[in-house]
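[1] Okay, here's the prediction I keep looking at, along with the sequence it came from:
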Amino acid sequence: MNIPAAARAQAQDLLDFVDASPSPWHAVRECERRLQAAGFSRLEESERWTLAPGGRHFTVRDGSSLIAFVVGSQAAAAAGLTLIGAHTDSPGLRLKPKPAEEAAGMLRLGVEVYGGPLLATFADRDLSLAGRVNVRTADGFASHLVCFEQPLLRLPNLAIHMNREVNETGLKFNKQTELPLLLGIAADGSSAEARFRQPLADQLGVEPADLLTWELVAWDTQKGSFWGVDGEFIADSQLDNLASCHAALFALLAAPPASGNRLVALFDHEEVGSESAAGAGGSFVADVIARLAAGAGLDVEDQRRMLARSFFISADMAHAWNPNFPAAYEPGHHALVNAGPVIKSNANQRYSTTADSAARFMGFCARAGVPCQQYAHRTDLGCGSTIGPVVAARLGIASVDVGSPLWAMHSIRESAGVLDHAYLIAALTAAFSQ
Ligand SMILES: [Zn+2]
């Protein structure tokens, strides 16, 4: 399979993006860095905004959700909005507020399960810690990002000699008792709590006692890679859904100046249902759109006209057909790797796609010269969902759910196609170029 150099470069840029984003807070910081390099300015939600046609801005809520936008040159009521959404979070293991414990001379960190990871894939990986930590200051606290590049943690498997049936019955962990991550050997005169706090304090250059609170994920330190006989596939952690975040951001930065308003909304908390202040079910996107409308001087009537002319593309990964498990898939709706973006439909509105919105997205793909595919889940299997229906219901705008095919969704090491990422970027850029 011939992989053009441009597609390979975009896939490499995606892997670099993922590897710079071990947590949702790091993902937002990496987006912020790229946006600022492209001339976007940060707006604070707590300040007054002054918006003008052609303005390029972004704003961040709670450190892990970000909305970037370009103000259109045409009157917003007539031009509407084109909005592309994705999510910054991925399922996995999160440290508890008081994680450190000693067990028969070993140090362990207690974790909670965030979302629905394939837990077995977290075993025997070179895990470490990343996230945000609040440190006491003279007048309160300050928030910092931390990330350990060297592996600090591990979830060692039980040997097959003690788990003889594992290959027949599957690898299972009791979430309370068998998931704590090994951190080290206990030392005389130093508590588990002290041993856990010390590396965090050292990285931040503060006293251990001044560490107040944290949200820390166990991340996989292995970098992204290309694989396959022609290097036509990629593998990394968190491709669901940092690949869509990257494609949406790439499209926003690549699209030529246009008359309409363009927004990219990257939400935290999709994997746990989106119901939070920063999530897709919260007010974030509606608040930003209201401020865009106010900045353009729209009255209520014109705001409704603007929304009626708007379109939302919810970008999240799709289940790629796996030849080893043909019975898991709907035979007539295979999503093949390296065969283009997938339009996801579900009659029960687990996806927001309608016949109209699907046809519209097909038009973007045609304009970009990329193939596209249609996916439906097996009728006898429960279907997943994403931010599409949540945002569509909240804003009342036309919406489609799309995404690149992905193998092993919610594994700590997912894989996808190099061409598919380039195709998705091209289709989203076409959507932003009208
Ligand atoms: Zn997802």
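    That came through fine. Because the structure is predicted, anything quoted here is derived from the model rather than measured. Residues are numbered from 1 along each chain as shown.

[2] what about Glu207, neighbour count?
    11 (other CB atoms under 10 Å). Glycine gets a C-beta too; all of them are placed from N, C-alpha and C.

[3] brain fart, Gln434
    15.

[4] Send over the helix or strand bottoming out on mean pLDDT in the chain as CSV, restricted to the C-alpha atoms.
    When the helices and strands of the chain are scored by mean pLDDT, DSSP states H and E, helix 76-79 comes last with a mean of 78. Provided in CSV are the C-alpha atoms of helix 76-79 (Å, rounded to 0.1, in the frame of the first residue of the first chain):
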residue,chain,number,x,y,z
ALA,A,76,-23.4,35.5,11.8
ALA,A,77,-27.2,35.2,11.5
ALA,A,78,-26.8,34.5,7.8
ALA,A,79,-23.6,32.4,7.9
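
[5] my guess is Glu275 contacts Gly282, does it?
    Yes: between Glu275 and Gly282 a contact is recorded at 7.4 Å, counting by CB atoms under 8 Å.

[6] Neighbour count for these two, which is higher?
    Using other CB under 10 Å, the more surrounded residue of Glu275 and Gly282 is Gly282, with 21 against 11.

[7] How much space separates that one from the ion?
    In this view, Gly282 and the ion are 17 Å apart by CB to the ion, to the nearest Å.

[8] and the helix or strand following the least confident helix or strand of the chain, does that touch the ion?
    Proceeding N to C from helix 76-79, the next assigned helix or strand is strand 81-87, under DSSP states H and E. No: against the ion, strand 81-87 shows no contacts by CB under 5 Å from the ion, the least distance being 5.7 Å.

[9] mind checking how far strand 81-87 is from the chain centre?
    13 Å (CA atoms, centre = their mean, to the nearest Å).

[10] Which other helices and strands does that strand contact?
    Contacts defined by 3 or more CB pairs under 8 Å, 6 or more residues apart in numbering; DSSP states H and E place strand 81-87 against helix 239-254, strand 261-267, helix 284-295, strand 311-315, helix 387-395, helix 418-432.

[11] ok now do the most centrally placed residue in the chain, which residues does it touch?
    Centroid-nearest residue in the chain, with CA atoms, centre = their mean: Thr88, separated by 2.9 Å. Shown in contact with Thr88 (CB atoms under 8 Å, 6 or more residues apart in numbering): 21, 24, 27-28, 64-66, 241-242, 245, 266-268.

[12] Please list the outside residues in contact with stretch 183-201.
    So stretch 183-201 is contacted by 98-102, 105-109, 129, 133, 146, 148, 152-153, 207-208, 210-211, 214 (CB under 8 Å, 6+ apart).

[13] Out of those residues, which end up buried?
    99-101, 107-109, 129, 133, 146, 148, 152-153, 208, 210-211, 214 (16 or more other CB atoms under 10 Å).

[14] Out of these, name the two that are farthest from one another.
    Distance extremes for these: the farthest pair is Arg108 and Asp210 at 24.0 Å, using CB to CB.
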